[in-house]
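Q: have a look; sequence and predicted model below, questions after that.
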Amino acid sequence: MNSLDLASTITIPSAQHDFDQSDLTFSATEWDTYRPEQGKPISYKEQHLIVYPLKELSRAFSVAGIPRSQQQLIKWETDGVLPPTPFTFGRKRFYTENQIRTIVDVALECGLRPRTHVKKTNFSELAHHELTYILKLELNAYEAPVV
């Protein structure tokens, strides 16, 4: 009996036939139910919106299971890993809820983990692309005339 004969006689469970159908329910994670806190209403180009401090972005990373400190996030912005936020007052950085969700979702999508260095992923490229898109949508929406 050669190895080909042996392989044809061994049964290998098929993923199509041998899966547990009782475990097909969706269970929300903490990140799925996350909502930012401590919002600050501001006026931007005569429109009102709510922004959140940098510590809220840091908390969002922690809730998603990939903690990053406020200092690390400032370093990312300084080093160009993250694009600078347009909502900076004095030395304080603020983000919209869409920006926070986008940044953390991109980090998760890129496989960023607690001990993963950001330069070993394509996080920066995707974050710049997605945040540019989000800001255009948000700011154009806010710049639209109010009827």
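A: Sure thing, it's come through. Numbers count the residues shown, from 1 in each chain.
Q: is it true that Y95 touches K55?
A: No. Between Y95 and K55 there is no contact under Cβ atoms under 8 Å: 10.5 Å. Glycine gets a C-beta too; all of them are placed from N, C-alpha and C.
Q: quick one: the strands in this protein, in order.
A: 40-44, 47-53, 87-89, 92-95 (DSSP state E).
Q: re the thing from before, more crowded one of Y95 and K55?
A: Of the pair Y95 and K55, Y95 is the one with more neighbours under other Cβ atoms under 10 Å, namely 24 against 15.
Q: check contacts around that one.
A: 51-52, 54, 56-57, 85, 87, 103 (Cβ atoms under 8 Å, 6 or more residues apart in numbering).
Q: rerun that using 7 Å as the cut-off
A: Y95 makes contacts with 51-52, 57, 85, 87, as judged by Cβ atoms under 7 Å, 6 or more residues apart in numbering.
Q: what about the protein, any weak spots by pLDDT?
A: Scanning the chain for pLDDT under 70 picks out 1-28, 141-147.
Q: could you pick out the longest helix of it?
A: If you go by DSSP state H, the chain has its longest helix at helix 123-143.
Q: show residues contacting it.
A: Taking Cβ under 7 Å, 6+ apart as the rule, helix 123-143 contacts 44-45, 47, 49, 81-83, 86, 96, 98-99, 102-103, 106-107, 110, 112, 118.
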